[in-house]
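> 3D, please:
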Amino acid sequence: MSKDFNINQLIYSFKSKNILSQDKKDFYFKRIKSLLDQKNAVIVAHYYTNPEVQYIAEKTGGCVADSLEMARFGASHPAVTLVVVGVKFMGETAKILNPEKNVLMPTLNAECSLDISCPEKEFSKFCDENSDRTVVVYANTSVAIKARADWVATSSIAVELVNHLNKLGKKIIWAPDRHLGYFIQQRTKADILCWNGTCIVHDEFKSKSLKKMKSMYPEAAILVHPESPKDIIELADVVGSTSQLIKAAKTLENSIIIVATDKRIFYKMQKDIPEKLFYIAPTSSDNATCKICAYCPWMGMNTLQGIIDALKNNTIDHQIKINESLRKKALIPLKRMLNFAKSLKIN
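Numbering: from 1, shown residues only. Coordinates of the predicted model:
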């Protein structure tokens, strides 16, 4: 594998890509900002959304963050309408925490492979069969799964939360990501029974190819999201949530960073640290090609026109609706999560 091959195939750089012309940026900014003002609304977007979405969200005074900060921002912002740009569980989380607010999404078809991998009926049976365990579920789950749980966790606080429960003598059910569950178990030594789910983006990273890439760039730091497979995590210099990886990219002395997560995180990294080089970790090997290629297809369904349509039309095609009884049940573990995060003083 030559260095030229790696550069052509593996570097993902927004520096070389004009995400929108200036005229287009101005058009979308004015149109969306006008609608946001009319509707008393704010955009809450994830780091994995397309760069033009992140640009407009920041430009209009909204939030671009990981799922924990998205939840906190939406709960504390005075806007009466939240436009959640991400995947469906993020919009549902916003509605659970803010029942009085109008929660819109550019599309309700933006699913999550982890959410899909954990159907309510099967998971409830799994919990019933292991009723002596405390149920901790990842934020990447439906309202119904959250309602069945004792705790909700994001990747930024999962290790600390399970370590806390382990010290209390609790045995854990963790769902749905088995890679993240393994990572938590290794860090905490807790008794964890994992649901067998994976993220289609992170599950594709290949350790053999990553080792080759590291040998070509020995000075590079490897940053890995904990939803990645065990052999990828073992190669990491830093393992963490999206916000933790962005912080590490800023604070590490390395001028070259290899990142194993959705490549749209590079928009924020390169915007904040333009002097560094960012390479996407390999998602294919010598004998295989990637299917997702470090790009969540559901996140990619969120467009600027979708934001305009949601704000302009405010129809059931964009509105998050949740049964009130189910919402109240799901609110309990979510509030526990937010209170626990607050006690850790997570920034």
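
> use CA for all of it now, contacts and neighbours both
Fine.

> Run through who's touching whatever helix or strand residue 54 lives in.
Per DSSP states H and E: residue 54 is located in helix 51-59. Residues from elsewhere that reach helix 51-59, judged by C-alpha atoms under 8 Å, 6 or more residues apart in numbering: 19-20, 25, 28-29, 43-47, 63-64, 264, 267, 302-304.

> In the stretch 101-250 of the chain, what residue spans correspond to strands?
For the stretch 101-250 of the chain, the strands defined by DSSP state E, counting those that start in this stretch cover 102-104, 134-138, 151-153, 172-175, 192-194, 221-224, 238-239.

> Report the separation between the closest residue to residue 237 other than its chain neighbours and residue 321.
The shortest distance from residue 237 to any non-neighbouring residue, by C-alpha to C-alpha, 6 or more residues apart in numbering, is to residue 222 (5.2 Å). Distance, residue 222 to residue 321, by C-alpha to C-alpha, to the nearest Å: 40 Å.

> which of these two has more neighbours?
Per other C-alpha atoms under 10 Å, whichever of residue 222 and residue 321 has more neighbours is residue 222, with 25 against 16.

> so the more buried one bridges to which residues?
residue 258 (DSSP bridges).

> so it makes contact with residue 255?
No. Judged on C-alpha atoms under 8 Å, residue 222 makes no contact with residue 255 at a distance of 11.5 Å.

> residues in contact with stretch 103-110?
Contact with stretch 103-110 is made by 81-88, 91, 94-95, 298-299, 301-303, 305-311, 314, 317-320, as judged by C-alpha under 8 Å, 6+ apart.

> What subset of those is buried?
81-88, 91, 94-95, 298-299, 301-303, 306-311, 314, 318-320 (16 or more other C-alpha atoms under 10 Å).

> Now go through these and say which are in helices.
Counting by DSSP state H, the buried ones among the contacts of stretch 103-110 place 88, 91, 94, 95, 306, 307, 308, 309, 310, 311 in helices.

> any idea how far the fifth one is from residue 292?
Going back to what we said before, that points to residue 306. Taken as C-alpha to C-alpha, the span from residue 306 to residue 292 is 22 Å.

> So which residues of the stretch 201-347 of the chain form helices?
Ranges of helices in the stretch 201-347 of the chain, per DSSP state H, counting those that start in this stretch, are 207-216, 230-233, 242-251, 266-272, 304-313, 324-344.

> what about the ones you listed, which gets the closest to residue 154?
helix 324-344 (8.3 Å; C-alpha to C-alpha).

> on that earlier part again, format the strands of the stretch 101-250 of the chain as TSV; extra columns: distance to residue 260 and mean pLDDT.
Output for the strands of the stretch 101-250 of the chain, formatted as TSV (distance: least, C-alpha to C-alpha, whole Å; pLDDT from 0 to 100):
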stretch	distance to residue 260	mean pLDDT
strand 102-104	30	98
strand 134-138	19	98
strand 151-153	21	98
strand 172-175	21	98
strand 192-194	22	98
strand 221-224	5	98
strand 238-239	9	98
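
> now those as TSV including distance to residue 159?
Below are the strands of the stretch 101-250 of the chain laid out as TSV (distance: least, C-alpha to C-alpha, whole Å):
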stretch	distance to residue 159
strand 102-104	30
strand 134-138	11
strand 151-153	9
strand 172-175	12
strand 192-194	12
strand 221-224	15
strand 238-239	11
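
> so which of these gets nearest residue 342?
Nearest of the strands of the stretch 101-250 of the chain (C-alpha to C-alpha): strand 151-153, 12.7 Å.
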